[in-house]
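Participant: Next come a sequence and a model predicted from it.
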Amino acid sequence: MQKRDARGSNFIKRLAGTGVVLLSVLALSMTSVSIRADATESTRKKLEDAKEKKKQSQNELDNTKDDIVEMNEEKSSLQGQLNKLNTQLSEVSSNLADLEEQIGDKKTEIENTIMELELARKTEEDQYASMKKRIQFIYEKQRFVFVDMLLGATSFADFLNQNNYIEQLSAYDRKMFLKYIENRENIEAKEAALQLEREELEDYQVKAKAEQSRVSGLVSQTSGSIQQYANDISGAEAKAQALENQIKAQEEDIKNLEAKLAEEIRLSKLAASSAWRNISEVTFAEGDRYLLANLIYCEAGGEPYEGKVAVGAVVINRVLSSVYPDTLVGVIYQNKQFSPVASGRLALALAEGKASAACYQAADEAMSGYSNVGNCVYFRTPVPGLSGINIGGHVFY
């Protein structure tokens, strides 16, 4: 290839002054415009992609904010439910406490009633025993009592009065006995009623405890849901903040791309009205070969040989274009063009002489006028939407 390009270069030199040189320059100029237009279109595509990404981010941010609003509404609704449940739980707990107090009072009342019942039974038994003894005495001692009453009576009327007294006494004993029986039965009925009321209260207590447990479970569940919503809202707010930061960065990227596009359009217009020099018109300074070889090392040291030649060709193409500086040093050190210059890698490579033999060979080919990437003046790692000549890990355009 070197020989072929060298022959081509000599042929162009031999035809200098003829119309062929003018045609070659014109062809180079038209190709430059095409390449510049491709570069501008690439930037335009990047700009469109950046705007689309910003639009997607904005949509995602809007959706996230809508989600936050909905989650806050749901959280607020759950908080209202929780407040009601807490009120309900408080009421159930209060009712349960009242039931427990009532059950305690009922137990005390039952215990007192049992004591009353025991006392009534004892009184009934005592009354029955006394009455039984009097009746037994009267019937066992009836003859002596009758004689004593007859002899002791001062008159028949007095005798009748004493006999009536005995009958009244017996009637009283029976009446009191029946009264005590009735009182015991009433106490027993009262005890039974109290036992039934206690059972009902205990049944209410069981139900109240079940309701308390149910409501307490709902309170716990609702509180957990509220906490989950709070966590989700916090996460969504963090996501929204990240999206807002991302949109700001994308807006800055769009701004930079718009500025770059405007500059490339300016350069495209400039290139359209400018011409390209022939390699024969370039005079390389001492040290240009060393400088280009080390730049190739920094930009394409790990690339295949063809990739090294392509990087060198891009540098020389810029030297040939009237849009860029007309010296190799001017092109390489032009502001913000080659990253190894800004990062200091080139300076380090130059200080240590890092360029390999392949880098020098590639520099020689490029400086002879050979290009395997046409008139490309840009290269970078591939990105979506960027088309060009792919060699190794670079796309040239």
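Facilitator: Now that the structure is in, tell me what you want to look at. These numbers come from a predicted model, not from an experiment.
Participant: can you give me the helices in the stretch 1-150 of the chain?
Facilitator: 2-14, 19-140, 142-152 (DSSP state H, counting those that start in this stretch).
Participant: worst average pLDDT in those helices?
Facilitator: Per-stretch mean pLDDT for those is lowest at helix 2-14 (a mean of 37).
Participant: Am I right that Ile233 is in contact with Met71?
Facilitator: Yes - Ile233 lies in contact with Met71 (CB atoms under 8 Å); the separation is 5.0 Å. Just so you know, the C-beta spots here come from the backbone N, C-alpha and C atoms, and that holds for glycine as well.
Participant: Run the chain-centre distance for stretch 117-130.
Facilitator: 80 Å (CA atoms, centre = their mean, to the nearest Å).
Participant: quick one: contacts of it?
Facilitator: With CB atoms under 8 Å, 6 or more residues apart in numbering as the test, stretch 117-130 has contacts from Asp173, Met176, Phe177, Tyr180, Ile181, Asn183, Arg184, Ile187, Glu188, Glu191.
Participant: Now with 6 Å, please.
Facilitator: Residues from elsewhere that reach stretch 117-130, judged by CB atoms under 6 Å, 6 or more residues apart in numbering: Met176, Phe177, Tyr180, Asn183, Arg184, Ile187, Glu191.
Participant: What I need now is these written out in a markdown table, including pLDDT and neighbour count for each item.
Facilitator: Compiled in a markdown table, the contacts of stretch 117-130 are given as follows (pLDDT from 0 to 100; neighbours: other CB atoms under 10 Å):
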| residue | pLDDT | neighbour count |
| --- | --- | --- |
| Met176 | 76 | 16 |
| Phe177 | 71 | 16 |
| Tyr180 | 77 | 19 |
| Asn183 | 84 | 17 |
| Arg184 | 82 | 20 |
| Ile187 | 86 | 19 |
| Glu191 | 83 | 16 |
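Participant: ok, for Val215, nearest residue in space, not its chain neighbours?
Facilitator: Leaving aside its sequence neighbours, Val215 sits nearest to Leu89 (CB to CB, 6 or more residues apart in numbering; 4.5 Å).
Participant: Look up how far Tyr290 lies from the one you found.
Facilitator: From Leu89 across to Tyr290, the span is 86 Å (CB to CB, to the nearest Å).
Participant: so Leu78 sits right up against Gly224, yeah?
Facilitator: No - using CB atoms under 6 Å, Leu78 makes no contact with Gly224, being 9.9 Å away.
Participant: Spit out the residues that contact these two alike.
Facilitator: Joint contacts of Leu78 and Gly224 (CB under 6 Å, 6+ apart) do not exist.
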